[in-house]
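Asks: task: produce atomic coordinates for the following.
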Amino acid sequence: MPLEIQKIIPFRFILSNVILTGQTETYMLYLIYTIQLIFLAYMVLLLMRMLGSVFKSLQNHALFRFILYCTDPYLNIFRRFIPVIGGTLDLSPLVGFFVLRLLEWLVIKLLITLFTLP
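Replies: Numbers count the residues shown, from 1 in each chain. Next up, the predicted model:
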């Protein structure tokens with residue numbers, strides 16, 4: 001029985017007119033869900049990075065240093081092109097967040113396109 005992806009993945013992506021059948025749909029849905037969880041985990045790290053940079057008392061905490069270790073290589077890509085505004089306002093986490101959302105959408109759209117080819 002065919003199953004629509006938009007019913008299985010309710011709030012992340014609404015992908016209309018995509019219907020998979022058989023065993024492929026199960027693997028596809030698990031793969032999409034796993035990819036979404038990975039991207040979501042990294043987006044949470046970016047959000048914690050943005051909030052942690054506001055509160056100066058958190059910057060010496062071990063958890064925040066781990067977050068810096070995980071997010072700085074990705075954010076350094078954008079820091080090359082986006083200067084710091086006023087000496088303190090760093091927009092690279094915001095741009096990195098939106099680029100990450102775009103990458104997530106592209107990867108999932110590509111997977112759906114590959115799995116639904118006739």
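Asks: residue nearest the centroid of the protein?
Replies: Centroid check for the chain by CA atoms, centre = their mean gives Phe39 as the closest residue, at 3.2 Å.
Asks: identify the residue nearest that one in space, chain neighbours excluded?
Replies: Take Phe39 and drop its neighbours on the chain: the residue closest to it by CB to CB, 6 or more residues apart in numbering is Glu104, 4.2 Å away. Glycine gets a C-beta too; all of them are placed from N, C-alpha and C.
Asks: so what's the residue nearest to the centre of the chain up against?
Replies: Contact partners of Phe39, counting by CB atoms under 8 Å, 6 or more residues apart in numbering, are Leu100, Arg101, Leu103, Glu104.
Asks: follow-up on the earlier one: next, the buried residues of the host helix or strand of the residue nearest to Phe39.
Replies: Following DSSP states H and E, the helix or strand that holds Glu104 is helix 92-115. Residues of helix 92-115 classed as buried: Ser92, Pro93, Val95, Gly96, Phe97, Leu100, Glu104, Ile108, Ile112, Phe115 (neighbour count, 16 or more other CB atoms under 10 Å).
Asks: could you say what helices and strands the helix or strand containing Pro73 packs with?
Replies: Secondary structure from DSSP H and E places Pro73 in helix 62-79. Under the contact criterion of 3 or more CB pairs under 8 Å, 6 or more residues apart in numbering; DSSP states H and E, helix 62-79 touches helix 23-54, helix 92-115.
Asks: mean pLDDT for those helices: which is lowest?
Replies: Sorting the helices and strands packed on helix 62-79 by mean pLDDT places helix 23-54 lowest, at a mean of 86.
Asks: what angle separates that helix from helix 92-115?
Replies: Put simply, helix 23-54 runs at 180 degrees to helix 92-115, going by axes from the mean of the first three to the mean of the last three CA atoms, to 10 degrees.
Asks: orientation of helix 23-54 relative to helix 62-79 in degrees?
Replies: Using the same axes, to 10 degrees: helix 23-54 against helix 62-79 is 100 degrees.
Asks: show me what counts as buried in helix 23-54.
Replies: Buried residues in helix 23-54 (16+ other CB under 10 Å): 25, 28, 32, 36, 39, 42, 45-46, 48-50, 52-53.
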